[in-house]
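1. predicted model, plus sequence, below.
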Amino acid sequence: MVSLHDVTMSVASKDRIRVVDINTVVRFTQCGDVVTAAYGGGAILNGFLVGVLERSTLTFSYVQIATDRTIDAGRSIASIRRREDGLLELEERFSLVQP
């Protein structure tokens, strides 16, 4: 099982409807299978996620506020893999829900 404890990731690409972009940085913590993260940068003022990691799949909920004060929330399922260069890659499939 991969660990996300003390891992910091940058966003490599974005979906056309999201405000998370290459300037967004995500800082993870993990205790057992529970994962939390805080993120921000670019158009994101603050964002938080909480979820469960099972093997290489992270299932989580998130809430974020953009610099324009838009609040978004949703659920995601992300696949995590270690690339050949040793870095972790997280590929996310999300659904947006208004809080």
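-> Yep, that arrived.

2. alpha carbons only for contacts and neighbour counts from here, please
-> Will do.

3. which parts of the helix or strand of the chain with the lowest mean pLDDT are buried?
-> Least confident helix or strand, the chain: strand 88-97 with a mean of 84, by mean pLDDT, DSSP states H and E. The neighbour-count check on strand 88-97 (16 or more other CA atoms under 10 Å) flags 88-90, 92, 94 as buried.

4. check stretch 8-28 too.
-> For stretch 8-28, burial by neighbour count (16+ other CA under 10 Å) applies to 9, 19-21, 24-28.

5. so how far is that stretch from its chain's centroid?
-> Put simply, stretch 8-28 sits 8 Å off its chain's centre (CA atoms, centre = their mean, to the nearest Å).

6. average pLDDT across it?
-> On average, the pLDDT along stretch 8-28 is 83.

7. export that stretch as PDB, just CAs?
-> What follows is stretch 8-28 as a C-alpha-only set of coordinates in PDB (Å, rounded to 0.1, in the frame of the first residue of the first chain):
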ATOM      1  CA  THR A   8       3.200  17.300  -1.100                       C
ATOM      2  CA  MET A   9       1.900  17.200  -4.600                       C
ATOM      3  CA  SER A  10       1.400  19.800  -7.300                       C
ATOM      4  CA  VAL A  11      -1.400  19.700  -9.800                       C
ATOM      5  CA  ALA A  12      -0.100  18.600 -13.300                       C
ATOM      6  CA  SER A  13      -3.300  19.200 -15.300                       C
ATOM      7  CA  LYS A  14      -6.800  20.300 -14.700                       C
ATOM      8  CA  ASP A  15     -10.300  19.600 -15.900                       C
ATOM      9  CA  ARG A  16     -11.900  22.500 -17.800                       C
ATOM     10  CA  ILE A  17     -14.600  23.200 -15.200                       C
ATOM     11  CA  ARG A  18     -12.300  23.200 -12.100                       C
ATOM     12  CA  VAL A  19     -10.400  26.100 -10.500                       C
ATOM     13  CA  VAL A  20      -7.600  23.800  -9.300                       C
ATOM     14  CA  ASP A  21      -4.600  24.400 -11.500                       C
ATOM     15  CA  ILE A  22      -0.900  24.000 -11.800                       C
ATOM     16  CA  ASN A  23      -0.400  26.600  -9.100                       C
ATOM     17  CA  THR A  24      -2.300  24.500  -6.600                       C
ATOM     18  CA  VAL A  25      -0.300  22.600  -4.000                       C
ATOM     19  CA  VAL A  26      -1.700  19.700  -1.900                       C
ATOM     20  CA  ARG A  27      -0.200  18.700   1.500                       C
ATOM     21  CA  PHE A  28      -1.300  15.300   2.700                       C
END
